[in-house]
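Asker: Okay, here's the prediction I keep looking at, along with the sequence it came from:
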Amino acid sequence: MKPLSIALGLCLSGAVMAGDGEVVYNQYCVACHGTGVGPMAHDQAAWQPRLDAKGGVEGLLESAKAGVNAMPPKGGCVDCSDEQLRDAIVFMTTSK
Ligand code: HEC
């Protein structure tokens, strides 16, 4: 039983280390932002005009919370805090 709980502990700490932004992205945003339904994650050419139009990450956070066209409010993560959404946006708008 012991080796199993150690392995489980490693998995859990790995998920935390990945960072909130990536975790939220992989859970809620990837369905659209990893498939081309929305601007693709890490595609800076797609994100730069949006960053410019909305005045940076804070502006995009506001429109992501409200929703834009096919983009649902909060990207479908109704329980996400502003901080988690902001982290996910930073994760998507920066290159890997
Ligand atoms: C159901 C599909 C879908 C999901 C899920 C989704 N998005 Fe989007 N998102 C879109 C689409 C489509 C657009 C482009 C909207 C437009 O400009 O017409 C978009 C645009 C955006 C924008 C740019 C808004 C702007 O003002 O230009 C941000 C920021 C964003 N999404 C963040 C997120 C985050 C963060 C998540 C996950 C928590 C997420 N999205 C989940 C479809 C989605």
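Answerer: Received, thanks.

Asker: okay, CA-based contacts and neighbour counts for the rest of this
Answerer: Will do.

Asker: Spell out which residues of the protein are next to the ligand.
Answerer: Residues of the chain lying close to the ligand by CA under 6 Å from any ligand atom are 25, 28-29, 31-33, 37-38, 50, 60-61, 63-64, 68-72, 74-77, 85, 88-89.

Asker: Which members of the residues you listed are positioned in helices?
Answerer: When DSSP state H is applied, the residues of the chain next to the ligand are split such that 31, 32, 33, 50, 60, 61, 63, 64, 85, 88, 89 fall in helices.

Asker: Drop anything exposed from the residues of the chain next to the ligand.
Answerer: With burial judged by 16 or more other CA atoms under 10 Å, the buried subset of those is 25, 28-29, 32-33, 50, 60-61, 64, 71, 74-75, 77, 85, 88-89.

Asker: just curious, which of the residues you listed is nearest to residue 44?
Answerer: The nearest member of these to residue 44, counting by CA to CA, is residue 50 at 9.8 Å.

Asker: residues contacting the nearest residue to that closest one once chain neighbours are set aside?
Answerer: Spatial nearest neighbour of residue 50, excluding adjacent residues (CA to CA, 6 or more residues apart in numbering): residue 60 at 7.5 Å. Taking CA atoms under 8 Å, 6 or more residues apart in numbering, we find residue 60 in contact with 50, 51, 54, 89.

Asker: Fine, thanks again, bye for now.
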